[in-house]
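1. Below are the sequence and a predicted model; questions follow.
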Amino acid sequence: MKKIPFAIHGFGTIAKTHIVALRTLPVIKKTPFVPVLDTLVTRNPDLHKEQAYAMGFDYVTNDICEAANRESVAAVSVCTPNAFHPESIRAAGEAGKSLYCEKPIADTYKQSVKAAAAFPDHLTEQVALMFRYHPAVQRTTELLHQQSIGEVLQCKISYLRSGYLDQERPFSWRVSSELSGGGAITDIGVHALDLVCHWFGELSHISGFTETFVKERHVEPGSGQKVNIAVDDWAAVNYETASGVRGMVEVSRIAWGSDAFTVQIVGTQGSIVMDLERDSYPKVQLLRGALSHCPEPAGLALLPDAKATMGLFVDSHFASLHHFMLRLNGSDEFAGLAPTFADALRVEKYVAQVREKE
């Protein structure tokens, strides 16, 4: 069986999500390849070495170039703060290794364009816009292809998180304009806008505004020293697609008690509604009659089986990494599903347009 050895750059929450997905894949899916945790790249190798070895890593370093150039490594998974992504992308490209990169590609659209352009075209690359793989999203994609609700008129998406309302939550890279490049619209807005584009195509118009409500935070827990916060907590966007679909996107990191990722699509013959935090199946309501059955797209095979689910969020990451490895192995029967640099750049461009109009 072919091995696909990974270098994981980063050791935060999202890196561990990737690690869980990779370790779990051969347990619950029969594939012609097996992912291998080869190298962990972390700022503190001595601190994390014992845990990394227990996870199955062979090597731990703080040097991404060293990791990418290891003969045993086939792919690099980038899970660092946004501003550091270009370093990993460059190292992987120069070493001739495939790339799986967390979103956004970089901390600014300009840097994202530069990083993506420098990555060799012949290497497999994918960006972790993983909600495309969510079971309700895949089923909705098929429903839209079947024109189950007629001509689509409107789509409203609301992605609400709550953790940053607490003013006692200390400063971190996600609220650093230097490291993240932006707040709610950069962090989670790209997911919502990618779904809009994935379903309905290019935008012909976008406008909106952002707001920073929590304007300062403690440098660290219990510290009397505070720093000013420049990235947004909340954003609202109006858009129109080239195909005529109109809609809104709201994203928040301060929606205390209201965590949800809701989608409402209205067509001439009915609507599709779902909460991606909770729903595996979209709810379809028709003006007349009822939906005979909900489609089962082929891409659902990328997800864990119902009895092996790890929750919708981790399952979607699992499916995205599963697809990346299939593509790396030369097999892609799910055309148009994988989010590439081109897809990520498209939504990052729209985010930049909104932020430039503030």
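-> Happy to help now that I have it. Numbering: from 1, shown residues only.
2. Quick one: the helices in the protein, in order.
-> 13-28, 45-55, 64-68, 85-95, 109-118, 135-145, 184-187, 189-200, 312-328, 341-356 (DSSP state H).
3. tilt between the fourth one and helix 109-118?
-> Counting by axes from the mean of the first three to the mean of the last three CA atoms, to 10 degrees, helix 85-95 points 10 degrees away from the direction of helix 109-118.
4. Begin at 33 from now on, thanks
-> Got it, first residue is 33 now, which makes that one helix 117-127.
5. Now do helix 117-127: which elements does it pack against?
-> In terms of contacts (3 or more CB pairs under 8 Å, 6 or more residues apart in numbering; DSSP states H and E), helix 117-127 is packed against helix 96-100, strand 107-110, strand 130-133, helix 141-150. All C-beta spots, glycine's among them, are computed from the backbone N, C-alpha and C.
6. could I get these as a markdown table with distance to residue 159?
-> A markdown table is the format used below for the helices and strands packed on helix 117-127 (distance: least, CB to CB, whole Å):
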| stretch | distance to residue 159 |
| --- | --- |
| helix 96-100 | 18 |
| strand 107-110 | 9 |
| strand 130-133 | 5 |
| helix 141-150 | 9 |
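7. Would you point to the one among the ones you listed that's packed deepest?
-> Stretch with highest mean neighbour count among the helices and strands packed on helix 117-127: strand 107-110 (a mean of 27; mean count of other CB atoms under 10 Å).
8. Each with direction, which strands does it pair with?
-> Strand 107-110 has the following strand partners under DSSP bridges: strand 34-41 (parallel), strand 130-133 (parallel).
9. now it, how far from the centre of its chain.
-> When distances are taken as CA atoms, centre = their mean, to the nearest Å, strand 107-110 is centred 14 Å away from the chain's centroid.
10. that older thread, closest to residue 324 out of the helices and strands packed on helix 117-127?
-> strand 130-133 (38.0 Å; CB to CB).
11. Averaged pLDDT, the closest one. What do you get?
-> Strand 130-133 shows a mean pLDDT of 98.
12. do stretch 179-194 as well
-> 98.
13. I'd like the distance from stretch 187-199 to the chain centre, please.
-> Stretch 187-199 sits 16 Å away from the centroid of its parent chain (CA atoms, centre = their mean).
14. Render the CA-only coordinates of that stretch in CSV, please.
-> The C-alpha trace of stretch 187-199 is given here as CSV (Å, rounded to 0.1, in the frame of the first residue of the first chain):
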residue,chain,number,x,y,z
CYS,A,187,-29.3,33.2,-0.6
LYS,A,188,-28.6,34.5,2.9
ILE,A,189,-25.8,33.0,5.0
SER,A,190,-25.1,33.8,8.6
TYR,A,191,-22.1,32.3,10.3
LEU,A,192,-22.1,33.2,14.0
ARG,A,193,-19.4,32.4,16.5
SER,A,194,-19.2,33.7,20.1
GLY,A,195,-15.8,33.3,21.7
TYR,A,196,-14.5,36.8,21.2
LEU,A,197,-17.3,38.7,23.0
ASP,A,198,-15.5,38.0,26.3
GLN,A,199,-13.3,41.0,26.9
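15. can you count the residues close to the residue nearest to residue 255 when sequence neighbours are not counted?
-> Excluding the flanking residues, the one nearest residue 255 by CB to CB, 6 or more residues apart in numbering is residue 202, at 7.4 Å. By other CB atoms under 10 Å, the residues close to residue 202 number 15.
16. What distance do you get for the nearest residue to residue 223 once chain neighbours are set aside to residue 365?
-> Leaving aside its sequence neighbours, residue 223 sits nearest to residue 163 (CB to CB, 6+ apart; 5.1 Å). Distance of residue 163 to residue 365, given as CB to CB, to the nearest Å: 20 Å.
17. What segments of the stretch 183-332 of the chain are strands?
-> Secondary structure of the stretch 183-332 of the chain (DSSP state E, counting those that start in this stretch): strands located at 184-192, 235-243, 248-250, 258-260, 266-273, 278-284, 292-299, 302-307, 315-318.
18. Please identify the buried residues of stretch 297-307?
-> For stretch 297-307, burial by neighbour count (16 or more other CB atoms under 10 Å) applies to 297, 298, 299, 302, 303, 304, 305, 306, 307.
19. Please read the previous query as pertaining to stretch 43-63.
-> So stretch 43-63, judged by 16+ other CB under 10 Å, has buried residues 43, 46, 47, 49, 50, 51, 53, 54, 56, 57, 63.
20. gap between the third one and residue 60?
-> Which is residue 47. Residue 47 is 21 Å from residue 60, by CB to CB.
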